[in-house]
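Engineer: can't give you the sequence, but here's the structure:
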């Protein structure tokens, strides 16, 4: 073995130390920049969480535990409050349809801020029953804010997030839905002790605080956010994408029985009272907080296609469970699981869209807008249809749960059928 002279070793060590010192700062700076980017992404995610909490968690879901109180206070009849709930879903559809045009006109971030302000105003406007038309209009506008926020929030934030984290960050954004459900289930009964009008005031104040807190935490408005994409409009969706849009819509149908009727089912259908109904709503909310975090993580780990298929199967069982048993344990499991999938399905569908449309951010945004519109259309139709069925059957809630379960079973069947057809086509092509 040949040994280098000591002086040569010292020179080499000196050069090595110099080089190490020379390169250390860029590495440290790179690590610092990475940490800064990560912190920034999470700050954006919290802004998205606040938006989904205001526009979806509170503006939509706080109405459900208020239904028995609205009837008891004789603000509206039992049939009226069901149609007022459906007005929110119709507004959600309008918001989903209008979101991209609004973003192109004023910018996505400005639109998100404006919708949070409008949602806040809707709470204060709903604090007095001026008339059915007045209340219907504000419930519609509160739904409009939710539809626009649903389309724009994730599309503004996720381009700033690495692909490996998109599932979990999407889960954080839509955990705001669950936080809103849980807050409405715990906060609303406390506010109702002060009065129905005070309940609307309290929700309005909370919404205003969240709007103010998130105001400066959105990403800077990107030029591509405000520019219309002609390429996205001309792109032809694949069969897998079209199937996904239908599946997402059917999933929306499956959620309606729990989303609209679960509190009233327990309170009046089972005769257990508003307090008991609110407790199940809190469980629904707790599931909705955890659900998107779990599904987003699973999508990152196992792929969004398999995770979505498993979600449909579990959700079908949970939606149908009340038709088999109304025992407390069954209702607890059903409320938590369906609550989890209410926002939990969203990061899975978003991730699946990124898998099916991998190379075009604009087309991903367009596809997500179409998916949200499909969800809103199916859900609004189901809400009005289920309201009619509820009236025609003399208040038979179990029929509604059965129809909801059948919808998500059909979504699963479409997914499995498409997978089987694709596999056969690949085998024929390889032969």
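Structural biologist: That came in fine, so what should we check first? Remember, predicted model here, so these are calculated numbers, not experimental data.

Engineer: give the burial count for residue 261, as a bare number.
Structural biologist: When neighbours are counted by other CB atoms under 10 Å, residue 261 registers 24. (C-beta placed from N, C-alpha, C; glycine too.)

Engineer: how near is it to residue 356?
Structural biologist: 33 Å (CB to CB, to the nearest Å).

Engineer: what does residue 203 give?
Structural biologist: Counting by CB to CB - residue 203 and residue 356 are separated by 38 Å.

Engineer: more crowded one of these two?
Structural biologist: residue 203 (29 against 18).

Engineer: contact partners for the more buried one?
Structural biologist: Residues near residue 203 by CB atoms under 8 Å, 6 or more residues apart in numbering: 58, 62, 123, 184, 187-188, 191.

Engineer: setting aside sequence neighbours, what's the nearest residue to it?
Structural biologist: residue 123 (4.6 Å; CB to CB, 6 or more residues apart in numbering).

Engineer: do you know the pLDDT at the one you found?
Structural biologist: Looking at residue 123, its pLDDT is 94.

Engineer: so is it in a helix, a strand, or just coil?
Structural biologist: helix (DSSP: H, G, I helix; E, B strand; the rest coil).

Engineer: before we move on, what about residue 326?
Structural biologist: coil.

Engineer: how much space between the spatially closest residue to it that is not a sequence neighbour and residue 57?
Structural biologist: Leaving aside its sequence neighbours, residue 326 sits nearest to residue 270 (CB to CB, 6+ apart; 6.3 Å). Computed as CB to CB, the residue 270 to residue 57 distance reads 26 Å.

Engineer: cool, residue 430 as well?
Structural biologist: From residue 430 to residue 57 the distance is 48 Å (CB to CB).

Engineer: equivalent analysis for residue 336, please.
Structural biologist: 17 Å.

Engineer: equivalent analysis for residue 423, please.
Structural biologist: Distance from residue 423 to residue 57, by CB to CB: 40 Å.

Engineer: of these two, who's got more company?
Structural biologist: Set residue 423 next to residue 57 and count neighbours by other CB under 10 Å: residue 57 wins out with 31 against 10.

Engineer: just the contacts of residue 203: which has the poorest pLDDT?
Structural biologist: residue 184 (75).

Engineer: for it, which non-adjacent residue is spatially closest?
Structural biologist: residue 62 (3.7 Å).

Engineer: the one you found contacts residue 189, doesn't it?
Structural biologist: No. Counting by CB atoms under 8 Å, residue 62 does not reach residue 189; the two are 11.3 Å apart.

Engineer: so residue 79 sits against residue 391, correct?
Structural biologist: Yes. With contact defined as CB under 8 Å, residue 79 reaches residue 391; the gap is 6.3 Å.

Engineer: need the contact list for residue 60.
Structural biologist: Residues in contact with residue 60, defined by CB under 8 Å, 6+ apart, are 88, 92, 142-143, 146, 180.

Engineer: show me those that map onto helices.
Structural biologist: Using DSSP state H, the subset of these located in helices is 88, 92, 142-143, 146, 180.

Engineer: in PyMOL, how would I select just the buried ones from those residues?
Structural biologist: To isolate the buried members of the ones in helices among the contacts of residue 60 in PyMOL, using 16 or more other CB atoms under 10 Å:
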select buried, resi 88+92+142+143+146+180
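
Engineer: helices along the stretch 51-200 of the chain, start to end?
Structural biologist: When assigned using DSSP state H, counting those that start in this stretch, the helices of the stretch 51-200 of the chain occupy the ranges 63-72, 78-106, 108-125, 132-157, 166-192, 196-214.

Engineer: okay, the ones you listed in a markdown table with distance to residue 248 next?
Structural biologist: Converted to a markdown table, the helices of the stretch 51-200 of the chain look like this (distance: least, CB to CB, whole Å):
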| stretch | distance to residue 248 |
| --- | --- |
| helix 63-72 | 22 |
| helix 78-106 | 11 |
| helix 108-125 | 21 |
| helix 132-157 | 12 |
| helix 166-192 | 14 |
| helix 196-214 | 27 |
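
Engineer: the ones you listed: which one's closest to residue 305?
Structural biologist: helix 166-192 (12.6 Å; CB to CB).

Engineer: gap between that closest one and the chain center?
Structural biologist: 10 Å (CA atoms, centre = their mean, to the nearest Å).

Engineer: count of residues packed around residue 76?
Structural biologist: By other CB under 10 Å, neighbour count at residue 76 equals 18.
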